[in-house]
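Engineer: I'll drop the sequence and a predicted model, then ask my questions.
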Amino acid sequence: MGEHIQKIGLGTVQFGLPYGISNRSGQTSSEEVSDILNIARQKGIKILDTASAYGNAEKILGQSDLATFKVVSKFMPPESGSSISNQLKKSLDDLGILSLYGYLAHRPGDLAQNLYQWEELLSLKERGKVQKIGFSLNTPVELETLLKKGTNPDIIQVPFNYFDRRFKDLMMDLRNNGCEIHTRSTFLQGLFFVDASELDSHFDEVLSLLKNLQQSVKNLPGALLNFVLNQPFVDTVIVGVENSKQFIQNLESFTMFDPLPELQQSISESILVPSNWPKD
């Protein structure tokens, strides 16, 4: 279990924005953030995952001492007259640190069209402002395009969970070449826990699967988390939390659970990609 906890990274989007289909409590308070970071320190969790696009998450994180953490942030496509370096400076100032462990393109498709951004990242790495550079991705096609253009990421972050295995082969190949693999969306923004009878007809494709999982798997959060942690090609599993109580439950959840059944069907991107879900 200790080894598994070392593979967990703390996602911070909820620190700056209310986020997720099953989020009932909204944005996390700064006092709660401080408690969560203390728990993470005590448990030996190292990776903090954030982004300039996560509302004021970086500023809130910067109210705490981040010295024991490896902070990964993300940048947006630079606006005219601006640069990635400017964004990095603001992120570092907000976070109260001198350099980042990882800096990822939040919109890798834009970087693929503007390869000068990759050159700028390489320069920031050379200057010691960033240890590792790479991409936060949504689709395998994005990654394949970037790799064809000769970019060689040190870190990629991709969605990966019991339903979503689209990146598996690419993850394995890249990891064999020394790339660090971070995954997100272990719980598919909470879809696995939503009462199936309340779901829009858009989700009909997975309705019976969800019902079966919810009824037959003891400690479903633990089983889902363990599924990703057990993958040998995954280095860090980013887990977002809304409060310290939930964080402790997540960290304790992979001690007692039933195994997940083999997944027999391929699931479409209309389910796997939350931006394709119906808007409220």
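Structural biologist: That came through, no problem.

Engineer: Stretch 82-99: which residues count as buried?
Structural biologist: Of the residues in stretch 82-99, those scored as buried under the neighbour-count criterion (16 or more other CB atoms under 10 Å) are 84-85, 87-88, 91-92, 94-95, 97. (Each C-beta comes from the backbone N, C-alpha and C, glycine too.)

Engineer: Same question for stretch 111-129.
Structural biologist: 111-112, 117-118, 120-121, 124-125, 129.

Engineer: Just flag the most distant two among the residues you listed.
Structural biologist: Taking CB to CB as the measure, the buried residues of stretch 111-129 span a maximum distance of 22.6 Å, between 112 and 129.

Engineer: rewinding a little: which of the buried residues of stretch 82-99 lies closest to residue 39?
Structural biologist: Using CB to CB, residue 95 is the member of the buried residues of stretch 82-99 that sits closest to residue 39, with 19.2 Å.

Engineer: ok, residue 51 touching residue 57?
Structural biologist: Yes. Applying CB atoms under 8 Å, one finds residue 51 in contact with residue 57, separated by 7.3 Å.

Engineer: Residues touching stretch 38-49, excluding its own?
Structural biologist: 2, 5-6, 8-12, 61, 66, 68-72, 101, 157, 182, 184, 236, 238, 244, 247-248, 251 (CB atoms under 8 Å, 6 or more residues apart in numbering).

Engineer: now these: which count as buried?
Structural biologist: Of the members of the contacts of stretch 38-49, the ones counted as buried by neighbours, 16+ other CB under 10 Å, are 6, 8-12, 61, 66, 69-72, 101, 157, 182, 184, 236, 238, 244, 247, 251.

Engineer: which ones among the residues you listed are found in helices?
Structural biologist: When the buried ones among the contacts of stretch 38-49 are checked against helices (DSSP state H), the matches are 6, 61, 244, 247, 251.

Engineer: Now flag whichever of those residues is closest to residue 77.
Structural biologist: Closest to residue 77 out of these is residue 61 (22.9 Å), distances taken as CB to CB.

Engineer: so what pLDDT did the closest one get?
Structural biologist: pLDDT, residue 61: 95.

Engineer: Leaving out chain neighbours, which residue sits closest to it?
Structural biologist: Once flanking residues are discounted, residue 61 sits nearest to residue 95: 5.7 Å by CB to CB, 6 or more residues apart in numbering.
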